[in-house]
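Requesting a structural model of the entry that follows:
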Amino acid sequence: MLNRKKAAPPGARPGRFWLLLALGSGALCAGYAALVLGTASWAEARALDGLYALDDNWHIRAFSPAGWQRAQRLLAGLAAGLGAAWLALGPATGPGRHELRATLAQGQRLVGREWGQWGRLSRARRWVFGAQLGALTAVRLYLGLTTPWNDDAASYGFFVRHGLLAVSAYYPIPNNHLLSNTIAWVFYQLQPGFWWTMRLPVLLISTLATLGLYMAMRRRLGYWPALLAAGASSWVALGLYQAAAGRAYWLTIGLTVGLFCALLALLRPGPGARRLAWVSLVATGVLGLYAVPTFAYALGSALTWLAGQALWQRRWALLARAVAAGALIGGGAVLLYVPALFVSGPQVLLANPFVQPLAAADFWRQLPAHAWITEGFLLGQRGLGAAGTLLVLGLFGYLLWRWRAGRLAPGLARQVREVGLPALWFVGWPYALLLGQRVLPPERTWLYKAWFGYLLVALVLAGWRWHRPARRWLVGLAAAVFVLYQVTAQLRDNRQARRRLAPDGDMAAWLARHPQARPVLVPDDGIWNWQTLQAHVNDPRQPWAVDRVALPGVRYGYVLTRAGAPAPAGTGSLVFAVGTLRLARYNAPPVAGPPTARKHY
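Residues are numbered from 1 along each chain as shown. The predicted model follows:
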């Protein structure tokens, strides 16, 4: 009997799927933005101004109570309108229900297929995978408990503790990890401690992302290549650190996996889960840009490869859909950023003070060293630098030559074509965007590239026929040495950081043990910032009375300065000293003027 394709209900058209995708994504993004603005009154929104006290010149936008209410109503109305249109054209109609059922069925088949593949693994392979994931999680947990706080304490102290509006709309420094800070805010409602709020979510996200790295390639490359690429990129020292204290970067790695899988599904010939792939592409694109703006490097790689392949193959419908997906991603991201745009202003999203365009001469002079060090970090050895990357690219180039010459087995040739070439594009394309920006981004923003680099390594080893017993043991030994080196390097860096920051911690502990010493005058911005954040990390609920500038009518008993710095007038005898920090009595009379309420940061 012939298998016949089930016909779509009358009225079903390809455009309906895209209309539902546009309406649904827009309704969700607008609804979330409306929710954020709806959690606070105008007075609470205005109270955000000045939470980041280190920059006296940074202020939120001026907006009236009427303007605040108007913005709330507009967003709520937009979300309700888009949601109503989605319901009317989706579940309420036969063609709409067909599209929704078809997309859901593709998701169910994907889950079933992945679960079935896990069930077909041998017990030995399950044990190897579980042992590696368990060891990796244990190392990450230890690092999360022992790594000194860094930027994650700033997110915790200035944003997460102050509510959803502060997380989503207050954008100094900049506050450019909105999605991870939102997740941290959810955990903060359950348990306000620093580790539970900032470190536990990162540990969970990095574990899920590591599973995604493996599962994404298990069916496409096989067990051992998928395990090698996922494992090596997860054990890299930079990845270990980011899994301990990295906020959004492992979140973007997980989203990049979804982005890459959607790309491969859309380009694979023959029937496939096209609807699910488009939904995944749009969803990961929107969430990635909201997680951190530098996700644009990964997103740009995906969209340019997709558009380029559509042009090369003259698949004009695919090109049009790629453009439509890009538009939906951009529109959804803008809607999610509306609270930050309204409260903080558009200029803060477009001008990161830590990554500014360089003069052309400076950019080209610094680019070689920056690229060398960055590629070294991603491969796991800064000193080796780009030499390792160039070696991998050379070996993969030789593999491409063998493929073009017809000297590869059919299975490996397909893997090189379908996985290797787009992975190579993800490795190299960010440099094209970097050249256009004339910026030198921190290496952590490109951490996602490590996985693509090790995918190329896995394909090179597959071409080398590493499954032979003698070669397999050689690769295993190299992997063990690699893991040992990465863990040792990160533990060493942690010890050095703890020694460097120990005096600041000792001073914070002394002040916590002597509440009668407060309020304390701390005229040094760096010391004030560190002591304030350390106090929040130690006890998120305690009011911490330390002031950068003496407030009118306040008598300060102590002043905290750094050795060698000019002491304020009225500084008396030394009370406690550790490292370069000096706590002394303060005998100056209160500053004249009307009393000023102290902000508890």
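
mind listing what's buried in stretch 340-351?
Of the residues in stretch 340-351, 340, 341, 342, 343, 344, 348, 349 count as buried by neighbour count, 16 or more other CB atoms under 10 Å. All C-beta spots, glycine's among them, are computed from the backbone N, C-alpha and C.

any idea how far residue 240 is from residue 488?
Taking CB to CB, to the nearest Å as the criterion, residue 240 is separated from residue 488 by 11 Å.

Have a look at those two and say which one is more surrounded.
Between residue 240 and residue 488, counted using other CB atoms under 10 Å, residue 240 has the larger neighbour count: 27 against 11.

Grab the nearest non-local neighbour of residue 44.
In space, and not counting its chain neighbours, residue 44 is closest to residue 165: 6.8 Å by CB to CB, 6 or more residues apart in numbering.

Please list all residues in contact with the one you found.
Residues in contact with residue 165 (CB atoms under 8 Å, 6 or more residues apart in numbering) are 36, 37, 39, 40, 44, 45, 48, 339, 343.

Does residue 450 touch residue 378 like I think?
Yes. The criterion here is CB atoms under 8 Å, and residue 450 meets it with residue 378 at 4.4 Å.

what sits in contact with each of these two?
Here residue 450 and residue 378 share the contacting residues 236, 238, scored by CB under 8 Å, 6+ apart.

These two: which has the busier surroundings?
For residue 450 versus residue 378, the count of surrounding residues by other CB under 10 Å is larger for residue 378: 28 against 25.

Read off the pLDDT value for the more buried one.
If you check residue 378, the pLDDT there is 93.

who are the neighbours in contact with it?
Residue 378 makes contact with 236, 238, 389, 443, 446, 447, 449, 450, 453 under the criterion CB under 8 Å, 6+ apart.

how does it look with 6 Å?
Residues in contact with residue 378 (CB atoms under 6 Å, 6 or more residues apart in numbering) are 449, 450.

Off-centre distance for the one helix or strand residue 428 maps to?
Using DSSP states H and E, residue 428 sits within helix 421-437. Computed by CA atoms, centre = their mean, to the nearest Å, the chain-centroid distance of helix 421-437 equals 19 Å.

returning to that earlier point: any idea how far residue 151 is from the residue nearest to residue 44?
Distance, residue 165 to residue 151, using CB to CB: 21 Å.

what comes up buried for stretch 33-40?
Judged by neighbour count (16+ other CB under 10 Å), stretch 33-40 contains these buried residues: 33, 34, 36, 37, 40.

Can you name the residues in contact with stretch 451-471?
Contacts of stretch 451-471 (CB under 6 Å, 6+ apart): 213, 225, 228-229, 232-233, 392, 395-396, 399, 412, 416, 420, 423, 426-427, 475.

Just the buried residues of the residues you listed.
If we count by 16+ other CB under 10 Å, the contacts of stretch 451-471 have these buried: 213, 225, 228-229, 232-233, 392, 395-396, 399, 412, 416, 420, 423, 426-427.

Show me which of the residues you listed is closest to residue 22.
The closest of those to residue 22 turns out to be residue 426 (CB to CB; 26.7 Å).

For the residue nearest to residue 162 when sequence neighbours are not counted, give me phi and psi.
Setting aside the residues directly before and after it, residue 162 is nearest to residue 51 in space (CB to CB, 6+ apart), at 6.1 Å. Phi and psi for residue 51, reported as degrees, to the nearest 10, are phi -60, psi -40.
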